[in-house]
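Asker: pasting the sequence and the predicted model now:
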Amino acid sequence: MTGQTWRHRESKRRVIEELTASEPARPVGNSRRAARNALRTIERDTEAATGRMRALLPRAWLRSLAVGPSLSLGTCAESWATMQWSWTGIQSQTETVAVLDFDIGEIRRTLARTEADAWRTALPKIEEEQAVALSAGKLDKPRWIWRGRPAAKQSRE
């Protein structure tokens, strides 16, 4: 082997060794580059989403501030309406009870007068016929007197 051939072979060997040594590094470099690109894309997308969320946040607060008082106002209005409806019903029932109490009082007074008159009547037999003895002063000129009370004979008709 001549020196030149040996040098040529040696130079080819070095080139092959360098290429072989750099080959495993190249995929790692590509992986690192792909990971960096993916990380940048993720960071950029996250920042964009965060920006959109920051833009929506004030609107969400405004929505909450509008809904809360609206619900409170609706609840108060409903409670007031229910109270008014109940009060009207109670007032109507109270008036009805007052009218019925008055009517019951009138009926009791009438019943008391009727019972007083009824207790003073009697159903005696006068001359073997059924008669009604009334309270004193009920007949002006009675035909019959039964125990000092005016009496009237019952007709059978």
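Answerer: Arrived safely, thanks for sending. Residues are numbered from 1 along each chain as shown.

Asker: so Glu106 sits in a helix?
Answerer: Yes. Using DSSP: H, G, I helix; E, B strand; the rest coil, the assignment for Glu106 is a helix.

Asker: direction included, what does the helix or strand bottoming out on mean pLDDT in the chain pair up with?
Answerer: Least confident helix or strand, the chain: strand 125-126 with a mean of 72, by mean pLDDT, DSSP states H and E. Paired with strand 125-126 in the same sheet, following DSSP bridges, are strand 129-133 (antiparallel).

Asker: name the next helix or strand downstream of the partner strand, please.
Answerer: On the C-terminal side of strand 129-133, the closest following helix or strand by DSSP states H and E is strand 144-146.

Asker: quickly list the domain ranges of the chain.
Answerer: Using automatic domain parsing, the domain ranges for the chain come out as 3-93, 120-157.

Asker: and the shortest one, which residues are buried?
Answerer: The reference is to domain 120-157. 126, 131-134, 138, 144, 146, 149-152 (16 or more other Cβ atoms under 10 Å). Using the backbone N, CA and C atoms, a C-beta is placed for each residue, glycine as well.

Asker: so which residues of this protein form helices?
Answerer: Counting by DSSP state H, the chain has helices at residues 3-119.

Asker: now Ser92: how far from Val99?
Answerer: Relative to Val99, Ser92 is positioned 11 Å away (Cβ to Cβ, to the nearest Å).

Asker: shared neighbours, the two?
Answerer: Shared contacts of Ser92 and Val99 (Cβ atoms under 8 Å, 6 or more residues apart in numbering): none.

Asker: so what touches the least confident helix or strand of the chain?
Answerer: By Cβ under 8 Å, 6+ apart, the residues outside strand 125-126 that reach it are 131, 144, 146, 151, 153.

Asker: out of the buried residues of domain 120-157, who's nearest Ala55?
Answerer: Lys138 (101.7 Å; Cβ to Cβ).

Asker: give me the pLDDT for Asp140.
Answerer: pLDDT, Asp140: 75.

Asker: look up phi and psi at it.
Answerer: Recorded main-chain torsions at Asp140 are phi -70, psi -50, according to degrees, to the nearest 10.
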